[in-house]
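Colleague: Pasting the sequence and the predicted model now:
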Amino acid sequence: MTKDPRPIEVLLVEDDPGDILLTVEAFEHNKVNNTLHVVNDGEQAMTFLRREGEYADAPRPDLVLLDLNLPRKDGREVLQDVKNDTDLRRIPVVVLTTSEADEDILRSYDLHANAYVTKPVDFDRFISVVRKIDDFFVSVVKLPR
């Protein structure tokens, strides 16, 4: 497994300030210096992904970490929009959410999520999970460029 020397661009779509802080901390302490961008709702996510308005100069993310329960536009709608868009559908989307509901898991995979991860409530486990996601997509998976 050879690491791509270029850091990957990660878009975190999350409205919980505590989870944002934990994710930022997990990325900062990881070995690879990936770039983490954060938006707080589904409408901002689509604006960022489509590089519109204030995000016109935003980089194209190599990976999206998506919460399901978001204001303005639900994470399920974001996932559906991304996977139905020919310009965006190849971007891997990892659903990172508190929901353990079977219907959310099934619906996310039906909408072509690349992975579904339930956020641990324990601080250390949360950090560990985010690091593992980051490491997997940097060290193991070959991302489209």
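Modeller: Now that the structure is in, tell me what you want to look at.

Colleague: Residue 122 and residue 101, how far apart?
Modeller: 20 Å (Cβ to Cβ, to the nearest Å). C-beta: built from backbone N, CA, C; applies to glycine.

Colleague: typo on my end, it should be residue 42
Modeller: In terms of Cβ to Cβ, residue 42 sits 19 Å off from residue 101.

Colleague: Those two: who's more crowded?
Modeller: Taking neighbours as other Cβ atoms under 10 Å, residue 42 and residue 101 compare with residue 42 leading, 24 against 12.

Colleague: give the contact list for residue 104.
Modeller: Each residue near residue 104 by Cβ atoms under 8 Å, 6 or more residues apart in numbering is listed here: 68, 76, 95, 97, 116.

Colleague: Mind jotting down where the strands sit in this structure?
Modeller: Applying DSSP state E to the chain gives strands spanning 9-13, 35-39, 63-66, 93-97, 115-118.

Colleague: Please state the offset of the second one from the chain centre?
Modeller: Put plainly, it is strand 35-39. 9 Å (Cα atoms, centre = their mean, to the nearest Å).

Colleague: again with the first one
Modeller: Relative to its parent chain, strand 9-13 has a centroid offset of 5 Å by Cα atoms, centre = their mean.

Colleague: Which secondary structure elements does it sit against?
Modeller: Using 3 or more Cβ pairs under 8 Å, 6 or more residues apart in numbering; DSSP states H and E as the contact test, the elements touching strand 9-13 are helix 17-28, strand 35-39, helix 42-49, strand 63-66.

Colleague: one more time with 10 Å, if that's ok
Modeller: helix 17-28, strand 35-39, helix 42-49, strand 63-66, helix 75-84, strand 93-97, helix 123-135 (3 or more Cβ pairs under 10 Å, 6 or more residues apart in numbering; DSSP states H and E).

Colleague: Check the average confidence over the fifth one, would you?
Modeller: It refers to helix 75-84. Averaged over helix 75-84, pLDDT sits at 97.
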